[in-house]
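Enquirer: sequence below, structure please.
(one chain, ligands or ions: 2)
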Amino acid sequence: MEIESLAAALEREHQEIDAGIEAFTAEPGVREPLARAVRALRRHIYLEEEFLFPALHAAGLMAPVLVMLREHGEMWATLDVLDGEPDADAALTLCRRLAVQLLHHNLKEEKILYPELDRVVPEPQGERLRGFLDSGETPAGWVCLRARK
Ligand SMILES: [Fe+2]
Ligand SMILES: [Fe+2]
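Expert: Numbers count the residues shown, from 1 in each chain. Ligands and ions are numbered 1, 2, ... in the order given. Presented below is the predicted three-dimensional model:
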């Protein structure tokens, strides 16, 4: 079986997170898909900021990495409010905003940054990171760079 590229694994995770948010907006009475999407997005941001962006930055992609970090900070603030269990109307409004943020953010990552990953994240590091996507967890208390006080 062909090994999935890191870029493909990350794009799949984008789609899974989008699907969780969509499931909640379609049926706001059921919170579990949203809680799962929020957890998955925090972990996705952790992986990008700790392991992928430093390598991309070092390879010369400073400007797009800085834009992605800023957008992570904006989304992280939205995730914090969602974790505070707002009422359904407020959660729906936040989710619509998050979906738009993700649409623009993910498109840029997939077009500009992810195609460089094979070059800047060599094996076996890529394999370790794909393994993290299967079963890894965000370290307790980790906060994305631009949301740190
Ligand atoms: Fe990102
Ligand atoms: Fe991403």
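
Enquirer: which other helices and strands contact the lowest-mean-pLDDT helix or strand in the chain?
Expert: The helix or strand of the chain with the poorest confidence is helix 125-135; it has a mean of 90 (mean pLDDT, DSSP states H and E). Where contact means 3 or more CB pairs under 8 Å, 6 or more residues apart in numbering; DSSP states H and E, helix 125-135 is packed against helix 6-26, helix 32-47. (C-beta placed from N, C-alpha, C; glycine too.)

Enquirer: in that helix, what counts as buried?
Expert: In terms of neighbour count (16 or more other CB atoms under 10 Å), helix 125-135 has its buried residues at 126, 129-130, 132-133.

Enquirer: make CSV out of the residues you listed and add distance to L47.
Expert: Putting the buried residues of helix 125-135 into CSV (distance: CB to CB, whole Å) gives the following:
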residue, distance to L47
G126, 12
L129, 7
R130, 10
F132, 6
L133, 7
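
Enquirer: tell me the one of those nearest H44?
Expert: Taking CB to CB as the measure, H44 lies nearest L133 of these, at 8.4 Å.

Enquirer: residue contacts, that closest one?
Expert: By CB atoms under 8 Å, 6 or more residues apart in numbering, L133 lies in contact with 9-10, 13, 47.

Enquirer: most neighbours out of the residues you listed, which is it?
Expert: Sorting those by how many neighbours each has (other CB atoms under 10 Å) puts L10 first, at 23 neighbours.

Enquirer: which residues touch that one?
Expert: Contact analysis of L10 by CB under 8 Å, 6+ apart lists 44, 48, 109, 114, 117, 133.

Enquirer: swap in V120?
Expert: V120 sits next to 55-56, 58-59 when contact means CB under 8 Å, 6+ apart.
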